[in-house]
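Trainee: Fold the stuff below for me.
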Amino acid sequence: MVDNLIQSVQDATKDAPKSINWYRDKIREFGKPGALDLIRDGRRTTRPSAFNLNMFVYDPKYKKTLPYYDTFPLVLPLERYSDGFLGLNFHYLPIPLRVRLLDKINTIPEDNQYSERDQLRISYARASTIPMAKAVIKRYLYSHLKSQIRVVSPDEWVIAVLLPVQRFKKASTSKVYNETKKLF
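Mentor: Presented below is the predicted three-dimensional model:
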C-alpha cells in the first residue's frame, strides 16, 4: 500500500493530461487505500470545507432505521447548519456516474465559478434540479463525525471520485447503486 495514494497517482501523471481509464488503472495498481490513511494524507479540518470535496468517517444517528448508509462519505457540501451540513455524497453513485456528476457540476453555467482558492460553487437549489445530484443529497450531523475531515483539493477531485472507498453498511454496493439509480 502506498502511504499517500492520491499524491502517488498525481506524481505518476507527471502533469500530463490522462484519461479516466488511465487513472482507474493506476489506482488499481496502487491498491485500495484505507479510510484513515486517506484522511491522514492531506489537509484536515474539523468542519467541512465549502465548495470542496470532503472525506470523513461517519456514524449516522439513525443507522438502526436506515436501509443502508456510507460510513466513509465523499461529500460536496451544499448548505451548512448549526448542527451539521447537507451535501452530495458521490459514493452513492457507481464510479462512471460519479465522474459524470462531477463533470455536470463543473459545467453548470451560473454555478461554474471558481474563487481565488479554486473552489467549486454550487447551491442546494441548483443541485436539487439535477436528478442525479438530488438522488445523493444527504444530511450529516457534526456530532456523528468520527474523524477529522480530509479536504480534497480540486486537483485531486477526479482521483477521489474514482477511488472505490465507499463503506456501505446493511446493503451491498451494487444494491445501493441500483436503489440510487431508481431515484433519477
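Trainee: Next, the contact list for the residue nearest the centre of the chain, please.
Mentor: In the chain, the residue lying closest to the centroid (CA atoms, centre = their mean) is Leu74, at 2.4 Å. Going by CB atoms under 8 Å, 6 or more residues apart in numbering, Leu74 touches 53-55, 89-91, 152, 160-161, 163, 165-166. (Glycine included, C-beta is placed from N, CA and C.)
Trainee: Just among those, which is most surrounded?
Mentor: His91 (28 neighbours; other CB atoms under 10 Å).
Trainee: okay but it is in contact with Tyr68, surely?
Mentor: No - contact criterion CB atoms under 8 Å: His91 and Tyr68 do not qualify, at 11.2 Å.
Trainee: Between those two, which contacts overlap?
Mentor: Joint contacts of His91 and Tyr68 (CB under 8 Å, 6+ apart) are Phe168.
Trainee: coming back round to it: nearest residue to the residue nearest to the centre of the chain in space, please, no chain neighbours.
Mentor: Once flanking residues are discounted, Leu74 sits nearest to Phe90: 4.7 Å by CB to CB, 6 or more residues apart in numbering.
Trainee: Check that neighbour and give its pLDDT.
Mentor: Per-residue pLDDT puts Phe90 at 98.
Trainee: Also Lys64?
Mentor: So Lys64 comes in at 97 (pLDDT).
Trainee: could we number from 374 for the rest of this?
Mentor: Will do, 374 is the new start, and the previous item becomes Lys437.
Trainee: ok, how many other residues are close to it?
Mentor: Lys437: 7 neighbours (other CB under 10 Å).
Trainee: Relative to Val509, how far out is it?
Mentor: Applying CB to CB, to the nearest Å, the value for Lys437 to Val509 is 22 Å.
Trainee: same deal with Tyr435?
Mentor: Remark: distance between Tyr435 and Val509 (CB to CB) = 17 Å.
Trainee: Which one of the two is surrounded by more residues?
Mentor: Between Tyr435 and Val509, Val509 has the larger neighbour count (other CB under 10 Å), namely 25 against 10.
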